[in-house]
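K.L.:
3D, please:
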Amino acid sequence: MRKTERNMRTWREARDARDARIDAGRALAKHKLVKARDAVALLEAIIRPGDRVCLEGDNQKQADFLARCLAAVDVHRVHSLHMVQSGVVLPEHLDLFESGVAKRLDYAYSGPQASRIATMLFGGKIELGAVHTYLELFARYFIDLTPNVALIAAVSADREGNLYTGPNTEDTPTVVEATAFKDGVVIAQVNEIVEHVPRVDIPGDCVHFIVKSDKPFYVEPLFTRDPAAITESQILMAMLAIAGIYAPYQVKRLNHGIGFSTAAIELLLPTYGERLGLKGKVASHWAVNPHPTLIPAIESGWVEQIHSFGSEVGMDNYIRARPDVYFTGSDGSLRSNRALCQTAGLYACDMFIGSTLQIDLQGHSSTVTASRIAGFGGAPNMGSDARGRRHSSDPWLRAGEEADPGTPAPLRRGRKLVVQIGETFGDSHAPLFVEKLDAINLAEKIGLDLAPVMVYADDVTHIVTEEGIANLLLCRDKDEREQAIRGIAGYTDVGRGRDKKMVRTLRERGVIRRPEDLGINPLDADRSLLAARSIKDLVRWSGGLYEPPSRFRNW
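P.N.:
Here you go, the predicted structure:
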C-alpha cells in the first residue's frame, strides 16, 4: 500500500498550483505585460484566500501601485492573507487589515505607521506573527514563511521580464529568490517598459507578470539629515564617541544608524577627527546607506569603501561619480542589497552605533513606546555580537579582552562594539532611561511570548550621552552595570537614583568617562566644528553632484 501511494504522488502539487495561478493571470496579460487598469483583476485571479503574500515595502522603496491595487481587491475573493514584508510603511499596508483582505502580519519595520499599527494591534485588527530583524525575516522566507505571491518594484523591465532595479535594489533579489524558486508567483510593478534594461538585476525567468505603474514607485529619503538641525548637545556626544570609542579602539569597519548624533559624527570626522590625527586609522570601511552627511568625509579622503542596504534620494549622480567608494554596476548606478549588507554589518563590521528611544537599568534598549511600535529594521543585526564570527581584528580583540580578561587569549572570543548614543531627554522631554521598558508592558498587554527588545543588554558595550560614556565591558557584575548606566543618565529619574560613591569609583576605574576625562571642554562643542552646517554646504562639498529632495532645499 505504501509503495502504491508513493508511486501515485506526483511531487508537483505546488508547481501545478503555481501554474494554475499563472494560467488564470494570462487572460489579462500580453505575454507578461498587464495593463495598469487590469492590475486589480490580476491580483484577484492569482491570489488565493489565506495566501502568504510579500508586498515589497522596504524602509525606502515601496511597491506602492501594487499596494493600492491589493487594497482595492474584492474582499469576498481575496481575504485572510498572511502578509510577510520588511516594512509596514504606507497607509495601504494597514488598510489591508482594516478591510479584511489581510489577517496576519510578520514584519520588521513600521516607522511611519508606528502609531497606527500599535492601535490596530491593541484593537485586535492584526494577528501578529512576530516583529523581526531583516535577516531573520529573510531567513524565514526560505524556511516557513515562503511567499505564495511576491509583489515587487523595479525601475524598468524589458518584454521578457528582465528587471532593472536601479540603485534601490534593496530586498528585491531575496524576495524573488525565495518566491520564484519555491513555486510562487512574482508580479513586478515597473516605472517603464524598455527594449533593453541597463543591467539585468532580476532575470526574466523569475518574473511572471509585469505592470507599468501609473507613476514611479515611492522612495523615502530616510537617511537624509539636515546639518542645520544638529544641536550642540549632539556635537558634544559625537566628540565623546570619536575621542572615547573610535580613537582608542581604532575602529575602521562600522555601521551608523539613523539619527542626528551619528550624522554629527560623520560631519566631525574631517574637523575634530582630523585634529585628533585619526585619518586613515578609523571609519574607512562602511556598511551604511549613502548618507549625504558622509560626503565631506569622503571628499576629505577618510572613506575608502561603502556597501549599502539601499540608496538615498538625490545621491545618484554623486555615487555614479565615486565608483572607488561605492558598489556600482556596469551602468554606473549603485547596486544595493539589504540582505548582503545586513550580513556584512553583522559579521564584517567591528562597531555599530545608533540611537534608541528607551534604555533600562541593564542596558536593554527598544524603540517601542506606549503609543508607537516602530519595529526594528536592521538594528538587532547590526547591534549584536555575532557568535559565529571567527576572524579577528584589533577592535574586536580589545573589546573581548575588556569583557573577559580571565580567559586565555587563544580561547577568548572577541566582542563587537555595540554603542547606543542619545540625549538623556529626547523629544517632548521623554527620558531615554527608564526603570522598565514600555516593550515589556506591550508584551503583557497583547500576549507576546517575547517583549520587542531592539538590542539586548548583553550585546550593548557602550552608552554615550551628553553626560559621558559608560563602558559596560568593564562592569564585572549587575550592580556595576546598573550604576554605570545611572552615572550617565543625567537628571532623569534613573540618573537621580545613582549611588554617588559607586559612580565615583567607576569613574576612577575608567568605566565612566566624563568629557573632561577625555580632554573635551563642553563649551567647544560648537556648530563651527561641523564640516557642513547646511544641506547647501553638502551640495558644495559634492561639487554640485548631490541633488537633495525639494523639502530639504531652503535656498
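K.L.:
how much space separates the closest residue to Asp394 other than its chain neighbours from Leu448?
P.N.:
Of all residues not flanking Asp394 in the chain, Gln250 sits nearest, at 5.8 Å (C-beta to C-beta, 6 or more residues apart in numbering). To be clear about C-beta, it is placed using only N, CA and C from the backbone, and glycine gets the same treatment. Going from Gln250 to Leu448 by C-beta to C-beta, to the nearest Å gives 40 Å.
K.L.:
where does the stretch 301-450 of the chain dip in pLDDT?
P.N.:
Scanning the stretch 301-450 of the chain for pLDDT under 70 picks out no residues.
K.L.:
which stretches of it form strands?
P.N.:
With DSSP state E, counting those that start in this stretch, the ranges of strands along the stretch 301-450 of the chain come out as 305-307, 351-354, 358-359, 365-366, 417-421.
K.L.:
other residues contacting the fourth one?
P.N.:
It refers to strand 365-366. By C-beta atoms under 8 Å, 6 or more residues apart in numbering, the residues outside strand 365-366 that reach it are 356-359, 420, 437-439, 451-455, 460.
K.L.:
need the helices for the stretch 101-250 of the chain, in chain order.
P.N.:
Remark: helices assigned in the stretch 101-250 of the chain by DSSP state H, counting those that start in this stretch are 114-122, 134-141, 172-180, 232-241, 247-249.
K.L.:
what does stretch 381-397 contact?
P.N.:
133-136, 249-253, 255, 257, 287, 342, 345-347, 349-352, 354, 413-418, 420, 454-456, 458-460.
K.L.:
6 Å instead, please
P.N.:
Identification of contacts with stretch 381-397 by C-beta atoms under 6 Å, 6 or more residues apart in numbering yields 133, 135, 249-251, 255, 342, 345-347, 350, 352, 414-416, 418, 455, 459.
K.L.:
longest helix of this structure?
P.N.:
For the chain, the longest helix by residue count, based on DSSP state H, is helix 13-26.
K.L.:
give me the mean pLDDT for whichever helix or strand comes after that one.
P.N.:
Remark: after helix 13-26, the chain's next helix or strand is strand 29-30, criterion DSSP states H and E. Averaging pLDDT along strand 29-30 gives 96.
K.L.:
report the distance from strand 29-30 to the chain centre.
P.N.:
Distance of strand 29-30 from the chain centroid (C-alpha atoms, centre = their mean, to the nearest Å) equals 37 Å.
K.L.:
next SSE after it?
P.N.:
Counting by DSSP H and E, the next helix or strand C-terminal to strand 29-30 is strand 33-34.
K.L.:
list the helices and strands that next one packs on?
P.N.:
Packing partners of strand 33-34 (3 or more C-beta pairs under 6 Å, 6 or more residues apart in numbering; DSSP states H and E): strand 209-212.
K.L.:
and the strand it packs on, what does it pack onto?
P.N.:
Other elements packing on strand 209-212 under the criterion 3+ C-beta pairs under 6 Å, 6+ apart are strand 33-34, strand 185-193.
K.L.:
tell me the buried residues in the last one?
P.N.:
If you call a residue buried by 16 or more other C-beta atoms under 10 Å, then strand 185-193 has these buried ones: 185-191.
K.L.:
make a markdown table from those residues and add pLDDT and distance to Ser213 to it.
P.N.:
Formatted as a markdown table, those follow (pLDDT from 0 to 100; distance: C-beta to C-beta, whole Å):
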| residue | pLDDT | distance to Ser213 |
| --- | --- | --- |
| Val185 | 98 | 18 |
| Val186 | 98 | 16 |
| Ile187 | 98 | 11 |
| Ala188 | 98 | 10 |
| Gln189 | 98 | 4 |
| Val190 | 98 | 7 |
| Asn191 | 97 | 7 |
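K.L.:
tabulate the residues you listed (CSV), appending distance to Glu232.
P.N.:
What follows is the buried residues of strand 185-193, written out as CSV (distance: C-beta to C-beta, whole Å):
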residue, distance to Glu232
Val185, 54
Val186, 50
Ile187, 50
Ala188, 47
Gln189, 45
Val190, 46
Asn191, 43
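K.L.:
re earlier: buried among the contacts of stretch 381-397? Need that as a selection in ChimeraX.
P.N.:
Per 16+ other C-beta under 10 Å, the buried members of those correspond to this ChimeraX selection:
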select :133,135,249,251,255,342,345,346,350,352,414,415,416,418,455,459
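K.L.:
got a list of contacts for stretch 85-94?
P.N.:
For stretch 85-94, the surrounding residues in contact (C-beta under 6 Å, 6+ apart) are 54-55, 57-59, 62, 67-68, 71, 107-110, 112-113, 116-117, 171.
K.L.:
I should have written stretch 339-349 there, sorry.
P.N.:
If you take C-beta under 6 Å, 6+ apart as the criterion, stretch 339-349 is touched by 134-135, 138, 174, 253-255, 287, 307, 309, 378, 381-382, 386, 389.
K.L.:
distance from the chain centre to that stretch, please.
P.N.:
On C-alpha atoms, centre = their mean, the centre of stretch 339-349 falls 11 Å from the chain's centre.
K.L.:
kindly report the same for stretch 114-126.
P.N.:
22 Å.
K.L.:
so Val176 touches Pro203, yeah?
P.N.:
No: using C-beta atoms under 6 Å, Val176 makes no contact with Pro203, being 9.0 Å away.
K.L.:
for Asp458, give me phi and psi.
P.N.:
For Asp458, the backbone dihedrals (degrees, to the nearest 10) come out as phi -70, psi -10.
K.L.:
could you report the neighbour count for it?
P.N.:
Each residue near Asp458 was counted by other C-beta atoms under 10 Å, and the total is 14.
K.L.:
could you list every residue that touches the nearest residue to Lys103 once chain neighbours are set aside?
P.N.:
Excluding the flanking residues, the one nearest Lys103 by C-beta to C-beta, 6+ apart is Ser80, at 4.5 Å. Counting by C-beta under 6 Å, 6+ apart, Ser80 touches 49-50, 103.
K.L.:
so which of those wins on neighbours?
P.N.:
Using other C-beta under 10 Å as the neighbour test, these are led by Lys103, with 17 neighbours.
K.L.:
what's the pLDDT at that residue?
P.N.:
We have a pLDDT of 98 for Lys103.
K.L.:
equivalent analysis for the one 10 residues further on, please.
P.N.:
According to the prediction, Gln113 has pLDDT 91.
K.L.:
for Gly57, see how far away it is.
P.N.:
Distance, Gln113 to Gly57, by C-beta to C-beta: 10 Å.
K.L.:
give me the more crowded residue out of those two.
P.N.:
The residue with more neighbours, out of Gln113 and Gly57, is Gly57; 30 against 24, by other C-beta under 10 Å.
K.L.:
retrieve the pLDDT associated with that one.
P.N.:
For Gly57, the model assigns a pLDDT of 87.
K.L.:
what sits opposite it in the beta ladder?
P.N.:
Residues in a beta bridge with Gly57, per DSSP bridges, are Gln62.
K.L.:
which SS class is the closest residue to Gln420 other than its chain neighbours?
P.N.:
Nearest residue to Gln420, sequence neighbours excluded (C-beta to C-beta, 6+ apart): Ile463, at 5.0 Å. Following DSSP: H, G, I helix; E, B strand; the rest coil, the label given to Ile463 is strand.
K.L.:
which residues in the stretch 151-300 of the chain form strands?
P.N.:
In the stretch 151-300 of the chain, the strands defined using DSSP E, counting those that start in this stretch lie at 163-164, 185-193, 209-212, 253-256, 285-287.
K.L.:
make TSV from those and add distance to Leu530 to it.
P.N.:
Shown next, in TSV, are the strands of the stretch 151-300 of the chain (distance: least, C-beta to C-beta, whole Å):
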stretch	distance to Leu530
strand 163-164	37
strand 185-193	36
strand 209-212	44
strand 253-256	16
strand 285-287	19
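K.L.:
quick one: closest of those to Trp302.
P.N.:
strand 285-287 (10.1 Å; C-beta to C-beta).
K.L.:
how far does that closest one sit from the chain's center?
P.N.:
When C-alpha coordinates are averaged (C-alpha atoms, centre = their mean), strand 285-287 and its chain have centres 14 Å apart.
K.L.:
what sits up against it?
P.N.:
Strand 285-287 has contacts (C-beta under 6 Å, 6+ apart) with 252-253, 255, 304-307, 341, 344-345, 349.
K.L.:
again, but for stretch 10-19
P.N.:
Contacts for stretch 10-19 (C-beta under 6 Å, 6+ apart): Asp183.
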